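**Student:** The following comprises the amino acid sequence and a computationally predicted model.
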Amino acid sequence: MTDWLPVHDPVLVFAIVATLILLAPIVMERWRMPGMIGLLLAGALLGPNAFGVLERDQSFVLLGTVGLLYIMFSAAVEIDLSVLKRYRLHSVGFGLLTFVVPMALGLVAGRLVIGFEWPGAFLIASIFASHTLLTYPIASRLGITGNPAVTTAVGGTVITDTLALLVLVGVTSAVRGVADNWFWVQLALSLGLYVAAIQIGVPFIARGFFRNLGRDGVSQFVFVLAMVFGCAALAPLAGAEPLIGAFLAGLALNRLIPHHGTLMNRIRFVGEAIFVPFFLISLGMLLDLRVFLAGPYAWLVAFTLILTVYAAKWLAAEFTRPLLGYSLDQARLVFGLSLPHAAVTLAVTLVGHDLGLFGDAVVNGVILMIFFTCCVAPFLVEHHGRALALADSHVRPDYRLPPQRILVACSHLTSACPLLDLAVLLRDRAQNQPIYPLVVIEEGFDAPEEVERAELMLGQTVGQLAAAEVPAQAVTRIDLNAASGILRARRELRATEVLVGWQGSSGPRERLFGSMLEHLARDPEYTLVIARQVAPLNTCRRVIVALPPNAEHEPGFAAFVALLGRLVRQLGAPLVVVAEAGAGSVLRRELQPLAALADLRLQPVERWTAMRRTLAGFTTPEDLLVICGARPGSLAWEPLLASLPARLATRLPAVNMLVVYPPERVEYRDEEPLTEIRF
């Protein structure tokens with residue numbers, strides 16, 4: 001090395017890394033290669049074993065470790081738990097397959113080809129069995145994380161990595177002479193307590209934090225980081241690796257972080273921009289090609305490792321076709337997701353080297369195997385994932401709706417922020433339509449000053465939506481009153497959904513002349529959502545829906561189901577539908593699309609007049625109550641329905657409540673083609 005290499009100036013080191021993170025994906029894209037391959041190559045070329053520009057010091061080790069844990073956490077927090085629960089047998093089956101097949105081939109290769117004794121053979125086989133979800137961000141970018149193949153691969157990762165780590169613990173204990181029966185009992189108890197503590201304790205703490213303390217984005221993000229790395233740090237005390245703790249923390253926080261909200265966007269941004277690229281660069285730095293110049297044994301080991309891992313993971317993924325009924329693209333996608341080796345592989349390799357079971361040739365052979373698997377897997381996921389995404393986009397359901405446009409009526413910033421969060425949850429991202437924050441100013445002498453104040457507030461609302469990567473168009477209207485201004489803006493913008501806030505009660509003037517909400521409900525051509533939010537919606541444990549008689553026969557019931565589907569998918573909460581007992585069979589058919597998104601339970605009531613008493617009896621402050629409203633004269637309208645929301649709001653002051661009026665008529669325009677219902 002020269003006097004100025006490797007670079008030690010921290011500012012220059014970070015500048016070089018930032019340049020690599022920027023340019024590597026751009027260069028690889030020109031060659032039609034995934035960007036992560038460019039980062040791996042950059043780390044290998046600029047690392048200490050090649051040109052020596054960068055040194056793999058503690059900063060790279062730290063950020064690389066953080067990036068690895070972040071990958072595991074992101075995979076867990078983005079997974080659709082309803083799909084995972086539905087295909088849990090698939091995950092268990094694939095997890096066992098992708099463990100048993102590589103273990104069997106690994107034992108044969110380790111004993112017969114490389115010449116290991118049994119401890120070394122078991123350890124090298126556990127390397128083949130484990131894998132890292134390095135290519136999961138590609139699947140996330142393609143929007144196929146809800147596909148059963150992706151869910152199966154993610155769930156199987158936890159099983160096979162846990163079993164591989166148990167093999168590591170067993171071999172290590174056997175070599176050191178401490179693997180007695182009591183050791184295994186103690187390990188099982190500690191792991192069981194650790195998993196239970198995370199799955200029970202983390203949601204309890206997080207729900208309390210989000211409800212009482214974490215109202216701003218920065219504190220929420222820092223809290224999530226603290227929980228994830230705290231769980232990862234405690235994992236070794238239970239006999240597990242930190243990456244298992246990070247994954248379990250992601251599962252525990254999954255239902256509390258909406259998948260398309262501002263917090264999730266911050267999590268993705270920080271991971272993809274900083275942590276994960278640092279991990280890929282630090283991983284590339286481990287490759288040392290000089291070892292392969294020492295003799296043919298190093299090449300034999302490397303070739304055996306690469307061939308065995310490809311064959312083992314391909315066979316395990318191929319078995320999913322006859323056993324799980326997957327298509328060719330799904331099986332190849334599972335192969336691409338389960339092929340990369342990094343996390344557990346590195347841990348097992350370093351432990352084996354420390355125990356004297358692996359020599360330098362094996363260590364570098366494993367690193368070369370890691371490099372090759374991480375280079376090939378992105379191609380597989382990109383190609384077959386894109387094919388699945390295109391196939392999914394061609395699926396057309398039986399009924400469709402006009403393009404969604406959401407108008408949010410804002411009176412002041414304090415009430416506008418929760419409404420905007422709700423709008424993000426209800427928005428169909430596939431249509432890429434903006435959200436329209438609206439302020440209506442009543443005519444008067446001070447209207448110009450009010451317009452100026454409104455524009456300042458709307459600027460903040462646009463910033464809030466931009467943080468969630470949601471386009472926004474701020475709207476200001478001057479009108480005689482708020483209701484007429486909202487309705488005029490809705491017609492001009494052709495909004496399909498209008499969100500307004502509600503305190504839960506009406507004053508004397510509104511009771512005499514009619515409230516603004518009553519005026520808004522008179523227009524039958526759009527969905528009106530009236531929201532009373534007393535706590536963040538992501539802390540809700542259940543979504544309780546109250547349906548009046550004949551609601552399922554309303555023309556706008558499909559729009560109500562679509563809105564409800566997007567909401568429960570984002571919240572990840574079970575769904576309880578309260579309706580008259582006689583409508584059960586019809587409702588089960590109409591609500592069938594929701595059964596695929598969440599746990600759906602019908603709660604019958606004998607008669608509609610008992611609805612208020614039933615809801616007040618089992619609704620808790622941790623529930624979200626959704627009342628399906630009906631406009632006067634419609635099929636579902638009941639006299640009791642007009643006063644039900646206000647009475648429940650008085651009876652349940654700490655409960656989040658939405659009153660949804662589906663459209664009675666739908667505006668069809670030639671220039672606006674119908675769009676399919678999406679959740």
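**Tutor:** Received the coordinates, thanks.

**Student:** biggest strand in the protein, by residue count?
**Tutor:** As assigned by DSSP state E, the longest strand anywhere in the chain is strand 435-442.

**Student:** So for the chain, which residue is the most central one in space?
**Tutor:** residue 78 (1.9 Å; Cα atoms, centre = their mean).

**Student:** check contacts around that residue.
**Tutor:** By Cβ atoms under 8 Å, 6 or more residues apart in numbering, the residues touching residue 78 are 136, 140, 145, 259, 264. Bear in mind the C-beta positions are built from the backbone N, C-alpha and C, glycine included.

**Student:** how close does it sit to residue 353?
**Tutor:** 34 Å (Cβ to Cβ, to the nearest Å).

**Student:** same check, this time on residue 589
**Tutor:** Residue 589 is 61 Å from residue 353, by Cβ to Cβ.

**Student:** cool, and residue 438?
**Tutor:** Residue 438 sits 64 Å away from residue 353, going by Cβ to Cβ.

**Student:** re the thing from before, of the contacts of residue 78, which is the most crowded?
**Tutor:** residue 136 (24 neighbours; other Cβ atoms under 10 Å).

**Student:** Now that residue. Nearest residue, chain neighbours left out?
**Tutor:** Nearest residue to residue 136 in three dimensions, chain neighbours excluded: residue 75, at 4.7 Å (Cβ to Cβ, 6 or more residues apart in numbering).

**Student:** Is there a neighbour count for that neighbour? I'd like the number.
**Tutor:** Residues near residue 75, counting by other Cβ under 10 Å, number 27.

**Student:** Could you tell me the model confidence score at it?
**Tutor:** Residue 75 carries a pLDDT value of 74.

**Student:** so is it in a helix, a strand, or just coil?
**Tutor:** With DSSP: H, G, I helix; E, B strand; the rest coil as the basis, residue 75 sits in helix.

**Student:** next one: residue 543
**Tutor:** Assigned by three-state DSSP, the conformation of residue 543 is strand.

**Student:** And for residue 48?
**Tutor:** Assignment for residue 48 (three-state DSSP): coil.

**Student:** hang on, the earlier thing: export the contacts of residue 78 as JSON lines, with columns for distance to residue 483, pLDDT and secondary structure.
**Tutor:** Conversion of the contacts of residue 78 to JSON lines gives the following (distance: Cβ to Cβ, whole Å; pLDDT from 0 to 100; DSSP: H, G, I helix; E, B strand; the rest coil):
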{"residue": "136", "distance to residue 483": "48", "pLDDT": "83", "secondary structure": "helix"}
{"residue": "140", "distance to residue 483": "42", "pLDDT": "77", "secondary structure": "helix"}
{"residue": "145", "distance to residue 483": "41", "pLDDT": "77", "secondary structure": "coil"}
{"residue": "259", "distance to residue 483": "34", "pLDDT": "78", "secondary structure": "coil"}
{"residue": "264", "distance to residue 483": "35", "pLDDT": "85", "secondary structure": "helix"}
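
**Student:** where does the stretch 451-600 of the chain have low pLDDT?
**Tutor:** 504-515, 584 (pLDDT under 70).

**Student:** ok, which stretches of it are helices?
**Tutor:** Residue ranges of the helices in the stretch 451-600 of the chain, as given by DSSP state H, counting those that start in this stretch, are 482-493, 508-513, 516-521, 557-571, 584-590, 592-595.

**Student:** Show me what the first one is packed against.
**Tutor:** It refers to helix 482-493. The contact analysis (3 or more Cβ pairs under 8 Å, 6 or more residues apart in numbering; DSSP states H and E) places helix 482-493 against strand 406-409, strand 435-442, strand 475-479, strand 497-501, helix 516-521.

**Student:** go again using 7 Å as the cut-off
**Tutor:** strand 406-409, strand 435-442, strand 475-479, helix 516-521 (3 or more Cβ pairs under 7 Å, 6 or more residues apart in numbering; DSSP states H and E).

**Student:** Do I have it right that residue 347 meets residue 240?
**Tutor:** No - at 11.0 Å, residue 347 does not count as touching residue 240 under the criterion of Cβ atoms under 7 Å.

**Student:** These two: which is more packed in?
**Tutor:** Remark: of residue 347 and residue 240, residue 240 carries more neighbours, 24 against 20, as counted by other Cβ under 10 Å.

**Student:** secondary structure element for the more buried one?
**Tutor:** Using DSSP states H and E, residue 240 sits within no helix or strand.

**Student:** Give me the pLDDT for it.
**Tutor:** 75.

**Student:** What separation do you get for it and residue 169?
**Tutor:** Relative to residue 169, and taking Cβ to Cβ, residue 240 is found at 9 Å.

**Student:** same check, this time on residue 268
**Tutor:** Residue 268 sits 33 Å away from residue 169, going by Cβ to Cβ.

**Student:** related to what we said a few turns ago, have a look at residue 589 and residue 353 and say which one is more surrounded.
**Tutor:** residue 353 (15 against 8).

**Student:** Output the lowest mean pLDDT helix or strand found in this protein.
**Tutor:** helix 508-513 (a mean of 42; mean pLDDT, DSSP states H and E).

**Student:** what's next to stretch 211-222, contact-wise?
**Tutor:** Contacts with stretch 211-222, where a contact means Cβ atoms under 7 Å, 6 or more residues apart in numbering, come from 210, 223, 262-263, 266, 467, 535-536, 539.

**Student:** And the average pLDDT for that stretch is what?
**Tutor:** For stretch 211-222, the mean pLDDT works out to 81.

**Student:** Tell me the span between the first and last residue of it.
**Tutor:** Here the two ends of stretch 211-222 are set 16 Å apart, with distance taken as Cα to Cα, to the nearest Å.

**Student:** Enumerate the positions of that stretch that are buried.
**Tutor:** Going by neighbour count (16 or more other Cβ atoms under 10 Å), the buried part of stretch 211-222 is 211, 214, 217, 220-221.

**Student:** out of the residues you listed, who's nearest residue 405?
**Tutor:** Nearest to residue 405, judged by Cβ to Cβ, of these is residue 217 at 25.6 Å.

**Student:** where does the stretch 251-400 of the chain have low pLDDT?
**Tutor:** Residues of the stretch 251-400 of the chain meeting the criterion pLDDT under 70: 343, 392-400.

**Student:** what are the ranges of the helices in it?
**Tutor:** 262-270, 276-284, 296-318, 320-324, 328-338, 343-354, 360-393.

**Student:** Out of these, which gets nearest to residue 4?
**Tutor:** Among the helices of the stretch 251-400 of the chain, helix 276-284 comes nearest to residue 4, with 20.2 Å by Cβ to Cβ.

**Student:** hmm, back to that, can you give me the distance of the residue nearest to residue 136 to residue 132?
**Tutor:** From residue 75 across to residue 132, the span is 10 Å (Cβ to Cβ).

**Student:** Please apply the same query to residue 618.
**Tutor:** Note on residue 618: its distance to residue 132, by Cβ to Cβ, is 44 Å.

**Student:** Quickly name whichever of the contacts of residue 78 is closest to residue 365.
**Tutor:** Comparing these against residue 365 with Cβ to Cβ places residue 136 closest, at 25.7 Å.

**Student:** residue contacts, that closest one?
**Tutor:** 71, 75, 337.

**Student:** And for the last one, nearest residue in space, chain neighbours not counted?
**Tutor:** Counting by Cβ to Cβ, 6+ apart, residue 153 is the residue found nearest to residue 337 once chain neighbours are left out, at 3.9 Å.

**Student:** Run a quick neighbour tally on the one you found.
**Tutor:** Count around residue 153 with other Cβ under 10 Å applied: 31.

**Student:** Report the contact partners of it.
**Tutor:** By Cβ under 7 Å, 6+ apart, the residues touching residue 153 are 94, 334, 337-338.

**Student:** is it possible to export these to a markdown table including neighbour count?
**Tutor:** As requested, those are exported to a markdown table (neighbours: other Cβ atoms under 10 Å):
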| residue | neighbour count |
| --- | --- |
| 94 | 30 |
| 334 | 32 |
| 337 | 31 |
| 338 | 31 |
